[in-house]
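Q: Here is my input, please return the structure:
(chains A and B)
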Amino acid sequence: MASLDDLKKRISSVKSTQKITKAMKMVAAAKLRRAQESAERGRPYSEKMNNIILNLSNGLSDKENAPKLLTGTGEDKVHLCVVMTADRGLCGGFNSNIIKKAKVYFKKLSDSGKTLKIITVGSKGHDQLKRVYKDKIIENISFKDSKNANYFDANKIGNIIIEKFENKEFDVCTIFYNQFKNVITQIPQEQQIIPLKMTEDETKKSEESYEFEPDEDEILGNLLPKNISTQIFKAMLENSASEQGSRMSAMDNATRNAGEMVDKLTIEYNRSRQAAITKELIEIISGAESL
Amino acid sequence: MSEQFNLEIVSPEKSFLKKDNVTEVIVPAFEGEMGILKDHISIISFLKPGIIKIISSNEENSYYVDDGIVEFKNNTLSILTSNIFDIKNSDKSKIQDMIKQAEKDLVGEKLDDQKRFIISQKVEVLKSLSIN
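A: Numbers count the residues shown, from 1 in each chain, chains lettered A, B, ... in the order given. As a prediction, the model looks like this:
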């Protein structure tokens, strides 16, 4: 059995760990609120953008000559995957959930004989992926310096993707991120952004006819690159809210576990203290008796 | 009588402005300035750098935009833009910085005519702002 001193040290060390996890939980909770607010504030923009593009692509007169960003290159060989993770750890399964999702997708691609290229956003994802997919990662972007997700950063990623697309480096682009549902649940998502995919019910609901100035093609050509940045920005916002939510629940668990551990150790400490006292008493009594 | 319509300006980070008593909006559309009144036909267009002028029943505001998309539908005008600020309380030094950046971009070689036109337009508008 560990000595009394050792137990005392362990208790105090667990207690200070608990203090740290508690503080991290508080910070995450505060940041979560902010991240959630900005995710909600960013929603109208991406929704409007989506609507406009929908209306445009429906009104498109010449589908053959539509911009490549909308219809794709007509091939399906090279896939670009943008894996978006956090820059920090200690947030439960947040990073590994995305990586897991992405790896399943990667496997599917390589099984069907397609070429894979990866861009990682956030250093944690890069750390985990570089072990297996080192030669596939073509770019690693990290925004450690920027405090919050901002549009400027998203635009940077968007521009990199578009540049690569225009250089014909890939045919299909998919992004991976965590969608924020609530504090306990984050759903890893894969979303194809090039060529743009519309879901069934989205294509149905727009019947409005518009006047365009200049013509549809030109507006679409201008709009689609912006839409990519917007989608990435949306993913970044969702991701940052998810990260904080995930960290908050992870730290909450850690705090609770530390509490349990302190209780257990305290009982053990008290027991062994009592045992030591009893032992001493027995020694004294038996010593007195033998006189 | 009601000659008013709704206006909504959103940027990626937040909803920038929301008004329901606008009587006229002048936007710097790509093919020239465009004034929009109530019951305009549904239209989508995009913006070049310039000044958005918003005239409502009791006031008149001007904002600078870098780029953006306008959509008018059912008497609601939505403007999506990534960079917008109010001219009245804008920061002079920030405008100077933007001019410098734009002029630097202009020197870059890999520009097609359209981009060159847009950036020079931006410089012009910004310069006119910094004089006032």
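Q: Can you report how many residues neighbour residue A:271?
A: Per other C-beta atoms under 10 Å in any protein chain shown, the neighbour tally for residue A:271 reads 12. All C-beta spots, glycine's among them, are computed from the backbone N, C-alpha and C.
Q: Then residue A:107?
A: With other C-beta under 10 Å as criterion, residue A:107 counts 11.
Q: Enumerate every residue touching it.
A: If you count contacts by C-beta atoms under 8 Å, 6 or more residues apart in numbering or on different chains, residue A:107 has none.
Q: That one: what secondary structure?
A: At residue A:107 the chain is in helix, as set by DSSP: H, G, I helix; E, B strand; the rest coil.
Q: what's the helix or strand encompassing residue A:28 packed up against?
A: Under the criterion of DSSP states H and E, residue A:28 resides in helix A:4-59. Packing contacts for helix A:4-59, counted by 3 or more C-beta pairs under 8 Å, 6 or more residues apart in numbering or on different chains; DSSP states H and E, involve helix A:200-204, helix A:216-289, strand B:5-10, strand B:43-47, strand B:68-73, strand B:76-80.
Q: Show me how far it is from its chain's centre.
A: 10 Å (C-alpha atoms, centre = their mean, to the nearest Å).
Q: and the angle for that helix with strand B:5-10?
A: Between the axes of helix A:4-59 and strand B:5-10, defined by axes from the mean of the first three to the mean of the last three C-alpha atoms, to 10 degrees, the angle is 130 degrees.
Q: Number of residues surrounding residue A:144?
A: Residue A:144 - counted by other C-beta under 10 Å - has 9 other residues nearby.
Q: For the residue nearest to it when sequence neighbours are not counted, which residues are in contact?
A: Nearest non-adjacent residue to residue A:144, counting by C-beta to C-beta, 6 or more residues apart in numbering or on different chains: residue A:87, 5.1 Å away. Neighbouring residues of residue A:87 by C-beta under 8 Å, 6+ apart: A:122-124, A:142-144.
Q: Produce a PyMOL select command limited to the buried residues of those residues.
A: Selection of the buried residues among those in PyMOL, burial being defined by 16 or more other C-beta atoms under 10 Å in any protein chain shown:
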select buried, chain A and resi 122+123+124+143
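Q: Pick the one among the contacts of residue A:87 closest to residue B:49.
A: Residue B:49 lies nearest to residue A:143 out of those, by C-beta to C-beta, at 26.7 Å.
Q: Mind checking what secondary structure residue A:120 has?
A: Following three-state DSSP, we place residue A:120 in the strand state.
Q: What strand or helix carries the residue nearest to it when sequence neighbours are not counted?
A: Distances taken as C-beta to C-beta, 6+ apart place residue A:126 nearest to residue A:120, at 4.2 Å, with adjacent residues excluded. Element membership for residue A:126, per DSSP H and E: helix A:123-133.
Q: Pull the helix or strand just after that helix out as PDB, backbone CA atoms only.
A: Note on helix A:123-133: by DSSP H and E, the next helix or strand toward the C-terminus is strand A:137-141. C-alpha atoms of strand A:137-141 as PDB (Å, rounded to 0.1, in the frame of the first residue of the first chain):
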ATOM      1  CA  ILE A 137      -1.200  15.900 -48.500                       C
ATOM      2  CA  ILE A 138      -0.500  18.800 -50.800                       C
ATOM      3  CA  GLU A 139      -1.100  21.700 -48.500                       C
ATOM      4  CA  ASN A 140      -1.500  22.300 -44.800                       C
ATOM      5  CA  ILE A 141      -3.200  25.500 -43.700                       C
END
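Q: relative to helix A:4-59, how tilted is the longest strand along chain B?
A: Longest strand in chain B by number of residues (criterion: DSSP state E): strand B:15-29. Here strand B:15-29 runs at an angle of 30 degrees relative to helix A:4-59 (the same axes, to 10 degrees).
Q: Kindly format the C-alpha coordinates of the following helix or strand past strand B:15-29 as CSV.
A: With elements assigned by DSSP H and E, the helix or strand that comes after strand B:15-29 is strand B:32-36. In CSV, the C-alpha atoms belonging to strand B:32-36 read as follows (Å, rounded to 0.1, in the frame of the first residue of the first chain):
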residue,chain,number,x,y,z
GLY,B,32,-23.4,51.1,-64.1
GLU,B,33,-25.2,52.7,-61.2
MET,B,34,-28.7,51.4,-60.6
GLY,B,35,-31.5,53.1,-58.7
ILE,B,36,-34.0,50.7,-57.2
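Q: What is strand B:32-36 packed up against?
A: Judged by 3+ C-beta pairs under 8 Å, 6+ apart, strand B:32-36 is in contact with strand B:15-29.
Q: and residue A:83, how many neighbours?
A: Using other C-beta under 10 Å, residue A:83 has 28 neighbouring residues.
Q: Hmm, residue A:176 and it touching each other?
A: Yes: shown here, residue A:83 and residue A:176 form a contact pair, counting by C-beta atoms under 8 Å, at 4.7 Å.
Q: which neighbours do the two share?
A: A:98, A:102.
Q: hang on, the earlier thing: give me the contact list for the helix holding residue A:126.
A: So helix A:123-133 is contacted by A:83-89, A:95-96, A:98-99, A:102-103, A:106, A:116, A:118, A:120, A:137, A:140, A:142, A:144 (C-beta under 8 Å, 6+ apart).
Q: out of those, which are inside helices?
A: A:95-96, A:98-99, A:102-103, A:106 (DSSP state H).
Q: Could you list which of the residues you listed also contact chain B?
A: The subset of these within reach of chain B, by C-beta under 8 Å from any C-beta of the partner chain, is empty.
Q: thinking again about what came up before, the longest strand of chain B vs chain A: in contact?
A: Yes: counting by C-beta under 8 Å from any C-beta, chain A has neighbours in strand B:15-29: B:15, B:29.
Q: Contacts for that strand next, please.
A: Applying C-beta under 8 Å, 6+ apart, the contact partners of strand B:15-29 are A:41, A:44, A:213, B:3-10, B:33-38, B:45-58, B:65, B:70, B:77, B:79, B:81, B:84.
Q: residues of stretch A:168-180 that come out buried?
A: By neighbour count with 16+ other C-beta under 10 Å, stretch A:168-180 contains the buried residues A:170-180.
Q: orientation of the lengthiest helix in chain B relative to helix A:216-289 in degrees?
A: If you go by DSSP H, chain B has its longest helix at helix B:113-131. Computed by the same axes, to 10 degrees, the angle separating helix B:113-131 from helix A:216-289 equals 70 degrees.
Q: circling back: quick one: the residue nearest to residue A:120 and chain B, what's the gap?
A: According to C-beta to the nearest C-beta, to the nearest Å, residue A:126 and chain B sit 25 Å apart.
Q: next one: residue A:189
A: Distance, residue A:189 to chain B, by C-beta to the nearest C-beta: 19 Å.
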